[in-house]
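1. Just to be clear, the model below is a prediction. Sequence and coordinates:
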Amino acid sequence: MLYGLKRYNTYMTALMIGLAGPELTAQDIQNLNHSLVVGVIFFKRNFVDYHQLTQLLSSIKSIKGNHFLFAVDQEGGRVKRFGLPFSQLDELKTVGELFEIHPEAGKTYAHLHAWLMASELLSIGIDLSFAPVLDIDNGSDVIGDRAFSSDPNTVSKLGHIYCQSMRTAGMKTTGKHYPGHGTVKADSHFEMPVDTRSINQLNDKDLKPFIELIRQNSIDAMMMSHVIYNKTCDLPAGYSQVWTENMLRKLHGFSGITISDDLGMKAAECVGTIEQRYQACVDANIDLALVCDHELCHTLFSNNRLKYLPKTLSKLTKITRLKGQSILRTDTPFWEQSQWQVARMALIRLKEEHMK
């Protein structure tokens with residue numbers, strides 16, 4: 001049973017959901033029509049080719065309209081959902097390694113990496129890639145080469161450049177996974193990670209990039225980690241008002257959108273059923289929660305208490321700030337446009353010159 005329903009009109013957490021495959025199913029359509037759903041996140045299972053993806057986007061827009069959010073994890077390296085013709089970008093660790101050897105080339109690489117990633121997605125109507133990763137590479141099974149570096153100062157410098165370039169392309173930025181998933185070893189997709197360090201130790205290392213980029217006003221949205229920092233709170237960060245309100249907003253001054261990591265991950269199960277996980281996000285005042293598995297969405301929406309919700313959400317206006325605005329033409333494939341061609345060639349030449 002869900003509690004706190006009397007607060008729904010003010011404190012409802014909106015949902016971004018996953019789809020079953022490359023075409024909409026009847027269940028997908030039913031899920032999309034739920035009043036909590038404000039966006040879709042895409043995965044490899046949703047991509048066949050460029051034409052199919054554009055058709056899928058059109059099908060969803062015909063149901064949900066133009067204010068609906070579309071997102072994906074297109075980080076590069078081992079975390080990218082779309083194949084060719086989208087640029088098959090390197091992992092962020094490669095950017096950091098070049099920066100350590102040739103700082104100016106590394107900065108340029110970060111800029112081109114971010115701009116190509118963002119401009120390609122925006123040109124077909126996808127608003128967000130949940131990027132950049134601001135975790136440090138410090139022993140985590142799930143972060144590793146997804147991070148720029150093991151040095152938080154390098155992560156801060158390259159993260160800022162990456163964010164600025166995403167914005168230049170027209171995409172809002174998402175820092176992840178606050179307050180830092182890079183040091184705890186366990187992978188929250190399959191285990192419950194517990195970070196036993198003190199807040200002072202976190203401040204000295206993992207939190208540094210997040211705090212610095214918040215200070216620089218570089219982050220539009222913040223994805224919370226499914227990690228328990230047990231010296232601070234007994235709940236994972238994404239379910240904890242200690243982290244979402246006291247630390248992130250009040251202490252660190254973040255005023256953007258808060259996003260949960262996927263509620264289908266193993267670590268998210270620590271508070272119970274999918275209904276209880278959603279309620280934990282409501283209690284922590286999370287703006288947008290991810291439910292990436294379509295069957296889990298159906299389970300959540302089958303709860304009778306979720307059938308009688310307001311048709312509009314008070315947070316909807318805030319969340320739609322994350323809509324992107326493409327600087328490339330949207331009626332022409334990105335690879336046919338000169339601005340993309342110049343950036344792509346610059347990336348190729350930089351790699352040839354500095355990464356032999």
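-> Cool, the structure landed.
2. So which residues of the stretch 151-300 of the chain form strands?
-> With DSSP state E, counting those that start in this stretch as the criterion, the stretch 151-300 of the chain has strands at 174-178, 194-195, 221-224, 228-229, 257-262, 288-291.
3. can you tell me the average pLDDT over the longest one?
-> Looking back up the chat, that one is strand 257-262. The predicted model gives strand 257-262 an average pLDDT of 96.
4. That strand packs against which elements?
-> Helices and strands touching strand 257-262, as assessed by 3 or more Cβ pairs under 8 Å, 6 or more residues apart in numbering; DSSP states H and E, comprise strand 174-178, strand 221-224, strand 288-291. The C-beta positions use only the backbone N, C-alpha and C, and glycine is treated the same way.
5. Take the ones you listed and write them to CSV, including mean neighbour count, mean pLDDT and distance to A280.
-> Formatted as CSV, those follow (neighbours: other Cβ atoms under 10 Å; pLDDT from 0 to 100; distance: least, Cβ to Cβ, whole Å):
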stretch, mean neighbour count, mean pLDDT, distance to A280
strand 174-178, 27, 97, 16
strand 221-224, 24, 98, 11
strand 288-291, 26, 96, 9
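6. any chance of the ones you listed in CSV, plus distance to F86?
-> Formatted as CSV, these follow (distance: least, Cβ to Cβ, whole Å):
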stretch, distance to F86
strand 174-178, 18
strand 221-224, 22
strand 288-291, 21
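7. Could I get the contacting residues of I29?
-> By Cβ atoms under 8 Å, 6 or more residues apart in numbering, the contact list for I29 reads I63.
8. Which pLDDT value goes with it?
-> At I29, pLDDT is 96.
9. Which of the helices or strands spans it?
-> Here I29, judged by DSSP states H and E, is contained in helix 26-32.
10. sorry, back to before: and the strands of the stretch 151-300 of the chain as a markdown table, adding distance to L98?
-> Below are the strands of the stretch 151-300 of the chain laid out as a markdown table (distance: least, Cβ to Cβ, whole Å):
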| stretch | distance to L98 |
| --- | --- |
| strand 174-178 | 22 |
| strand 194-195 | 30 |
| strand 221-224 | 26 |
| strand 228-229 | 32 |
| strand 257-262 | 29 |
| strand 288-291 | 31 |
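11. closest to H67 out of those strands?
-> Set against H67 and scored by Cβ to Cβ, the strands of the stretch 151-300 of the chain come closest in strand 288-291, at 13.9 Å.
12. Which other helices and strands does the closest one contact?
-> Using 3+ Cβ pairs under 8 Å, 6+ apart: strand 288-291 touches strand 14-17, strand 37-42, strand 257-262, helix 274-283.
13. Render the CA-only coordinates of stretch 149-156 in PDB, please.
-> Output in PDB follows, covering the C-alpha atoms of stretch 149-156 (Å, rounded to 0.1, in the frame of the first residue of the first chain):
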ATOM      1  CA  SER A 149      39.700  10.100 -14.000                       C
ATOM      2  CA  SER A 150      40.600   8.900 -10.500                       C
ATOM      3  CA  ASP A 151      41.500  12.500  -9.700                       C
ATOM      4  CA  PRO A 152      38.500  14.600  -8.600                       C
ATOM      5  CA  ASN A 153      40.100  17.800  -9.800                       C
ATOM      6  CA  THR A 154      40.500  16.400 -13.400                       C
ATOM      7  CA  VAL A 155      36.900  15.200 -13.300                       C
ATOM      8  CA  SER A 156      35.800  18.700 -12.300                       C
END
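14. Using neighbour counts, pick out the buried residues of that stretch.
-> The neighbour-count check on stretch 149-156 (16 or more other Cβ atoms under 10 Å) flags 149-152, 154-156 as buried.
15. Share the number of residues neighbouring T168, please.
-> Counted by other Cβ atoms under 10 Å, the residues lying close to T168 total 14.
16. which residues touch the closest residue to it other than its chain neighbours?
-> Closest residue to T168 apart from its sequence neighbours, by Cβ to Cβ, 6 or more residues apart in numbering: W115 at 6.3 Å. Counting by Cβ under 8 Å, 6+ apart, W115 touches 165-166, 168-169, 343.
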